[in-house]
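Engineer: Build the 3D model from these lines:
(one chain, ligands or ions: 1)
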Amino acid sequence: MKLVVIGGDAAGMSAASQARKRLGRSDLSIVVFERGHYTSYSACGIPYWIGGAVDDAGKLVARTPDEHRRAGIDVRLRHEVAGIDLDRREVLVHDLDGGGEVREPFDHLMYAAGATPFTPEWARAGGEGVFGVQTLGDGEAIHAWLDREPQPRRAVVIGGGYIGVEMAEAMVLRGLTVTLLEKSPQPMGKTVDPDMGALVQKAIRGLGIEVVTDTRVEGLQTEDGRVRAVVTPGGVLPADVVVLGLGVRPNTALAREAGLPLGPTEGVRTDLRMRVEGLEGVWAAGDCVETRHLLTGGPVHVPLGTHANKQGRVAGINIGGGYATFPGVIGTAVTKVCDLEVARTGLTSKEARAAGYSFVTATIDSTSRAGYYPGAELMTVKLIAERRTGLLLGAQIVGRAEAAKRIDALAVATWNRMTVEEMTALDLSYAPPFAPVWDPVLIAARKATEAVHASL
Ligand SMILES: Cc1cc2nc3c(=O)[nH]c(=O)nc-3n(C[C@H](O)[C@H](O)[C@H](O)COP(=O)(O)OP(=O)(O)OC[C@H]3O[C@@H](n4cnc5c(N)ncnc54)[C@H](O)[C@@H]3O)c2cc1C
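Structural biologist: Numbering: from 1, shown residues only. Purely as a prediction, here's the structure:
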């Protein structure tokens, strides 16, 4: 039996490794086609490598192609799959370096082609010095550009989602003057509610980053083939380097052409076992699939490494003859801006409203540790609870320390459909170096419970 994998990163290699673990080399041969130079790399680590917190790109590679090969996985780098023939059960592959073309038959096919960054026409024609951030290769290109002489001094980051914000901070750490452009009223507007986003915006400005909101890029100016400026309705911003963080969509062109079913988010549709709907022996996972939101029940595209690894593992177990499922997501995410942690789980107010929920919110300010204990830092916690039932629908935390630890407790509560009233009695840990005697999560749950009672 042969498994062919398209895409050699989180989802694809998790699937390959699990399938290999379950089936011996004589029962299953595995071929992975990856068009880049790396396997199992952490794109999530790119901003920290560029910013200098991680000193070596090699550390972002969890498993090299040779390590996978030693485990019995035939990894073929710089090979791009150009077509899938479901009737003949084979893929058409271009050798990007050698120039040849091969057809590879499969019994099982794993589609793990990731996502495609949104790149407007003006960016494609933008000249040297304009970068997307999707693969380790992109990270290397940015790193090399920042190292060249004369060194770039002014950066414009376009897009204020978490990748744009992380890259803006990385540029500041590299000593550049940075402008962040965002089309909505504030950065991270899709991640958190506007009141919490205002705290994030303040922190970004505190880093010395100029934040320009409610703006659109009209084009780029170039000179000698290099980017020189970004043109907006408000003026022309000089730039030696431009970084795009405009979001991604599922990379499903190949899948669509081959007739794999796509959902309303354009992601490949799978069942709970990550089998492509209606197709025997065809699997998909990671940024290229759509999944189910466990609170709304609706389809969502949430391109995160945490899901890609889990989904790939589930697919690999099933390909290997086991049984595993991926039930869906609740939208948990965390990032940091300098020393400010920004975390969320469940639905934002906008998402809850769009799903039809009627809800109340409660926001509290507290500290990460007992107020008297050294290192206690301020933290703002916001909870969103359904009116009448008090079901926890979502939570957001912005704080200088330990927001991530607390959002995970809130994610477990959301996942298990707790009410905010039930949460007030949660047996959370307490000692002065770790929390105030009333943990911020419990204070927020109490306030949200009062709001629910008041709404009855
Ligand atoms: C800067 C940055 C920061 C991030 N930070 C976080 C974070 O903090 N937390 C988090 O959870 N997630 C984060 N993510 C998202 C996370 O990296 C992705 O969700 C994850 O990598 C998705 O894994 P994947 O295997 O589905 O896709 P990818 O990692 O995109 O891998 C797909 C692979 O398929 C290859 N490929 C595509 N088409 C073909 C083809 N036709 N033939 C052969 N090969 C092909 C590509 O070259 C690529 O290597 C971040 C992403 C970026 C870019």
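Engineer: how many neighbours does Val268 have?
Structural biologist: Val268: 29 surrounding residues under other CB atoms under 10 Å. C-beta here means a position set from N, CA and C on the backbone, and glycine is covered the same way.
Engineer: Kindly apply the preceding question to Thr361 instead.
Structural biologist: Thr361: 18 neighbours (other CB under 10 Å).
Engineer: Pretty sure it sits in a strand.
Structural biologist: Yes. With DSSP: H, G, I helix; E, B strand; the rest coil as the criterion, Thr361 is part of a strand.
Engineer: what are the ranges of the strands in the stretch 301-450 of the chain?
Structural biologist: All strands of the stretch 301-450 of the chain, identified by DSSP state E, counting those that start in this stretch, fall at 333-337, 340-346, 359-367, 378-386, 392-399.
Engineer: hang on, I meant the stretch 51-200 of the chain
Structural biologist: So, for the stretch 51-200 of the chain - with DSSP E, counting those that start in this stretch - the strands run 74-77, 79-85, 90-95, 101-105, 108-111, 115-117, 130-132, 154-158, 177-181.
Engineer: For the ones you listed, state which one has the densest average packing.
Structural biologist: With neighbours defined as mean count of other CB atoms under 10 Å, the strands of the stretch 51-200 of the chain peak in mean count at strand 108-111, which reaches a mean of 28.
Engineer: before we move on, the earlier item: looking at the strands of the stretch 51-200 of the chain, which is nearest to the ligand?
Structural biologist: Proximity to the ligand (CB to the nearest ligand atom) singles out strand 79-85 among the strands of the stretch 51-200 of the chain, at 3.9 Å.
Engineer: Parallel or antiparallel, list what pairs with that closest one.
Structural biologist: Its sheet considered, strand 79-85 pairs with strand 90-95 (antiparallel) by DSSP bridges.
Engineer: show me what contacts the closest residue to Arg313 other than its chain neighbours?
Structural biologist: Leaving aside its chain neighbours, Arg313 sits nearest to Ser14 (4.7 Å; criterion: CB to CB, 6 or more residues apart in numbering). Residues near Ser14 by CB atoms under 8 Å, 6 or more residues apart in numbering: Ala285, Ala308, Asn309, Lys310, Gln311, Gly312, Arg313, Ala315, Gly316.
Engineer: circling back to that earlier point, can you add distance to Thr348 and mean pLDDT and give the strands of the stretch 51-200 of the chain back as JSON lines?
Structural biologist: Formatted as JSON lines, the strands of the stretch 51-200 of the chain follow (distance: least, CB to CB, whole Å; pLDDT from 0 to 100):
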{"stretch": "strand 74-77", "distance to Thr348": "40", "mean pLDDT": "98"}
{"stretch": "strand 79-85", "distance to Thr348": "37", "mean pLDDT": "98"}
{"stretch": "strand 90-95", "distance to Thr348": "40", "mean pLDDT": "98"}
{"stretch": "strand 101-105", "distance to Thr348": "43", "mean pLDDT": "97"}
{"stretch": "strand 108-111", "distance to Thr348": "30", "mean pLDDT": "98"}
{"stretch": "strand 115-117", "distance to Thr348": "21", "mean pLDDT": "95"}
{"stretch": "strand 130-132", "distance to Thr348": "26", "mean pLDDT": "95"}
{"stretch": "strand 154-158", "distance to Thr348": "23", "mean pLDDT": "98"}
{"stretch": "strand 177-181", "distance to Thr348": "21", "mean pLDDT": "98"}
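Engineer: is Pro299 in a bridge, and if so with what?
Structural biologist: Residues in beta-bridge contact with Pro299 (DSSP bridges): Arg292.
Engineer: Could you restrict the contacts of Ser14 to the ones contacting the ligand?
Structural biologist: Residues of the contacts of Ser14 in contact with the ligand (CB under 6 Å from any ligand atom): Ala308.
Engineer: Pipe the strands of the stretch 51-200 of the chain into a markdown table and attach distance to Arg387 per row.
Structural biologist: As requested, those are exported to a markdown table (distance: least, CB to CB, whole Å):
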| stretch | distance to Arg387 |
| --- | --- |
| strand 74-77 | 53 |
| strand 79-85 | 48 |
| strand 90-95 | 51 |
| strand 101-105 | 55 |
| strand 108-111 | 41 |
| strand 115-117 | 36 |
| strand 130-132 | 42 |
| strand 154-158 | 39 |
| strand 177-181 | 36 |
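Engineer: Take the ones you listed and lay them out in a markdown table including distance to the ligand.
Structural biologist: Shown next, in a markdown table, are the strands of the stretch 51-200 of the chain (distance: least, CB to the nearest ligand atom, whole Å):
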| stretch | distance to the ligand |
| --- | --- |
| strand 74-77 | 9 |
| strand 79-85 | 4 |
| strand 90-95 | 8 |
| strand 101-105 | 11 |
| strand 108-111 | 9 |
| strand 115-117 | 6 |
| strand 130-132 | 9 |
| strand 154-158 | 12 |
| strand 177-181 | 15 |
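Engineer: Which one of those lies nearest to Glu422?
Structural biologist: strand 115-117 (36.8 Å; CB to CB).
Engineer: Look up how far Leu77 lies from the spatially most central residue of the chain.
Structural biologist: For the chain, Leu304 is the residue whose C-alpha lies nearest the centre (CA atoms, centre = their mean; 3.3 Å). Leu304 sits 25 Å away from Leu77, going by CB to CB, to the nearest Å.
Engineer: can you check Thr296 too?
Structural biologist: Counting by CB to CB, the gap from Thr296 to Leu77 is 39 Å.
Engineer: same question, Gln151
Structural biologist: From Gln151 to Leu77 the distance is 31 Å (CB to CB).
Engineer: what do you get for Lys405?
Structural biologist: The value you get for Lys405 to Leu77, if CB to CB is used, is 38 Å.
Engineer: so Leu260 makes contact with Leu279?
Structural biologist: Yes. Assessed by CB atoms under 8 Å, Leu260 is found in contact with Leu279 at 6.9 Å.
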